[in-house]
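Chemist: sequence below, structure please.
(2 chains)
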Amino acid sequence: MRDPSSRLPRSLSVDLHVRQPGLEVQAQLRASPGRVSALVGRLENGQRALLEAVAGLRPVLSGRVALGADALFDSRSGLNLAPDRRRLGWLDSDAHLFPHLTIKQNLTYGARAQGTRMNISPGMDVASLVKWLDLGAMLEHRPHEISAAQRVRAALGRALAADPQGLLMSDPLGRVPEPDRPALLERLAQVAHRFSLPVLMTTPRMDEVICMADDIVILHDGRMAGAGPVSQILSDVSLSTFLEGFHAGSILEGTVTRHDIEWLLSEVDVCGQCVVVPAALHPVGTRVRLKVRARDMSLHREAPTDSSSTNVLRGRISQVMLAGQSGTYGAVSVELARELDERLDFKAGAQIWGLVTRQAIQQMNWQPGEPCVVGFNAMAAQVTPLPWASSKRG
Amino acid sequence: MSAAALSAMWVSLQLATLVMLIATPMAVALAWWMARESWPGKALLDAVILLPLGLPPAVIGFWLVAGLGEQGAWGHWLHHDLGWTLPIYPIGAILAACAMTVPMMARMLRPAFEALDPMLHPVARTLGATGWHAWRTVALPLTLPAIGSATALGFAAAWGESGAVLVLAMAWSPGPPHAVGSTLPLALWQALSEGRSHALAWEVATLSLVVATGAILLSEVLRRQWLRRWRGHAHWRWRGERP
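Modeler: You can find the predicted model right below:
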């Protein structure tokens, strides 16, 4: 019998040193219940190996994995719980549904395997999972009869139905066709909050990180190149460029304030300033993330009067530096003015990066501390609800 | 049908059934283990396990005699210190037949285990299944037809296993083997060597043909079933994949 107190959601902390052929991976990360930590890198840099090690599916050189205060693995004390004792759910791109069982039997596999050890928490029961994941129509089918997106949903349901204490997702959408991704992504983004689980994930696609993750750890050559909240890390021009290359930019967090039905636009409040974006389906009050590419930004001294830039954000320049290979262009960081609304607490600091030519830096003579206006087209912003915001809606 | 042929068939049937019961779990365990991740030196061990396949069966029989016969290293110890001599039937014959069938069955089963999605077992573990439970509920049902196919072929092989058993029989009892305890191949050999009952030889040969045909047909049917099942599962990997 499990201790009833172990039902309380606990955070998952990981500090591991893992070897895979040709690479040694060392990283620390942590996810509180209801929050998602993403492990990303430009290439497959041992992210999956690290998640496998957390699940107990791969030998580890040294380190520690713990749920709350309870260690699941500790190389110093020699503790190494088997995967079935760790109770961390696994989801990856191949779903790995049991091909000889129906979807229903797949969903109940965990309960059967654990027998009396099972101690289902409310909301985790199969019927409500089937409803939430929309699996009702395929319960009697076998995995090869359903689509890739449905298989991932079924595999997610199977993992959740086993009453896990945390969830590990390794590129869960990797094999789902492009058109099926957004709907599935929205569900995945709700999982952590809805079930109060700590979630660790990896994916090669940054839009999934922006949609799902609260915190991010960047791996490069098996080492941590950066870690912190998503909006902060992905708004750092060097880390963002490293991860996204051409699509590098900034993440702004804000709240939907108004929908313009006539022109099909939505307004988002960012640091007390209004950003106009193409109509988003998120209701007024939803907290959202705006992704803007650094190369789509234009910098001005005064708000341009004759320009296609629908959005102008006021701020002051905080940093000017050379970027690109051997400094072929410049990167300018602008701190957004926030005097309009003191209540918003942006610990991460709303910061926006623009890429400009060396010539522009020279001619405009941009200096740190100077007031500045950042302009961009409404179409340049990509809107995603914050993970916990979308779960409130669902 | 003569009493001698019937008795030989009964002995062969008993022997093949016993061998099947012993060899199947051993072959399944070996194949599962051989199909898992490799480590340095594993190829050598794989080769040692498969070695009996490449050796003349008579050599296996010879080694059994050399090891466990009255004059053999362990046999001597068994005989003198424990007062026990390895009888040709059933233990000697079972050992000889197992030594021949286990590697063959393991070799047949290995592709079945290698074809399994290697993540199925780990995923079952993360769902809370112990290693044994995961194996019993995932790997076993998925490879059951292949195991059935290997068992049927193993049965046919054990039924007809003669080389090693003949050597054993020769070494143990220099005269013709006793009527009791002679398997079908031994009975055939006996019939021919005594040169008197060709009718018996024919009977024995026909019986063997019938049994072997049945076992091999069964093996093929099960193998096809496994292949169909595996292909059925394999094709969905490609559906819905990114272009």
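
Chemist: give me the nearest residue to the residue of the stretch 151-300 of chain A found nearest chain B, chain neighbours excluded.
Modeler: Using C-beta to the nearest C-beta, residue A:162 is the residue of the stretch 151-300 of chain A that sits closest to chain B, at 4.3 Å. For the C-beta atoms, the positions are set from N, CA and C on the backbone; glycine is no exception. Nearest residue to residue A:162 in three dimensions, chain neighbours excluded: residue A:110, at 2.6 Å (C-beta to C-beta, 6 or more residues apart in numbering or on different chains).

Chemist: which parts of the stretch 101-250 of chain A sit against chain B?
Modeler: Neighbours of chain B within the stretch 101-250 of chain A, by C-beta under 8 Å from any C-beta of the partner chain: A:109-110, A:112-114, A:117-118, A:143-145, A:147-149, A:158-159, A:162-164, A:174-178.

Chemist: for ChimeraX, write the select line for the buried members of those residues.
Modeler: Applying 16 or more other C-beta atoms under 10 Å in any protein chain shown to those, the buried members can be selected in ChimeraX as follows:
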select /A:109,110,113,114,118,143,148,149,158,159,162,163,164,174,175,176
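
Chemist: in helices only, show me the residues of the stretch 101-250 of chain A next to chain B.
Modeler: A:109-110, A:112-114, A:148-149, A:158-159 (DSSP state H).

Chemist: now the helices for the stretch 201-350 of chain A?
Modeler: Under the criterion DSSP state H, counting those that start in this stretch, the stretch 201-350 of chain A carries helices at the ranges A:206-212, A:230-233, A:237-244.

Chemist: reformat these as JSON lines; add mean neighbour count and mean pLDDT.
Modeler: Conversion of the helices of the stretch 201-350 of chain A to JSON lines gives the following (neighbours: other C-beta atoms under 10 Å in any protein chain shown; pLDDT from 0 to 100):
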{"stretch": "helix A:206-212", "mean neighbour count": "23", "mean pLDDT": "89"}
{"stretch": "helix A:230-233", "mean neighbour count": "23", "mean pLDDT": "84"}
{"stretch": "helix A:237-244", "mean neighbour count": "20", "mean pLDDT": "78"}
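
Chemist: now distance to residue B:61 too, for these, in TSV please.
Modeler: Shown next, in TSV, are the helices of the stretch 201-350 of chain A (distance: least, C-beta to C-beta, whole Å):
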stretch	distance to residue B:61
helix A:206-212	64
helix A:230-233	71
helix A:237-244	67
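
Chemist: what sits against the residue nearest to residue A:27 when sequence neighbours are not counted?
Modeler: Excluding the flanking residues, the one nearest residue A:27 by C-beta to C-beta, 6+ apart is residue A:224, at 5.2 Å. Neighbouring residues of residue A:224 by C-beta atoms under 8 Å, 6 or more residues apart in numbering or on different chains: A:26-28, A:217-218.

Chemist: now which of these would you call buried?
Modeler: Buried, going by 16+ other C-beta under 10 Å: A:26-27, A:217-218, out of those.

Chemist: list the ones among the contacts of residue A:224 that fall in strands.
Modeler: Using DSSP state E, the members of the contacts of residue A:224 that fall within strands are A:26-28, A:217-218.

Chemist: buried set for stretch A:18-34?
Modeler: Residues of stretch A:18-34 classed as buried: A:18-20, A:25-27, A:29-34 (neighbour count, 16+ other C-beta under 10 Å).

Chemist: any chance of the buried ones among the contacts of residue A:224 in TSV, with distance to residue B:38 and pLDDT too?
Modeler: Output for the buried ones among the contacts of residue A:224, formatted as TSV (distance: C-beta to C-beta, whole Å; pLDDT from 0 to 100):
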residue	distance to residue B:38	pLDDT
A:26	26	92
A:27	27	92
A:217	32	93
A:218	33	91
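
Chemist: nearest to residue A:383, of those residues?
Modeler: residue A:218 (23.7 Å; C-beta to C-beta).

Chemist: just list whatever residues bridge to the closest one.
Modeler: residue A:40, residue A:226 (DSSP bridges).
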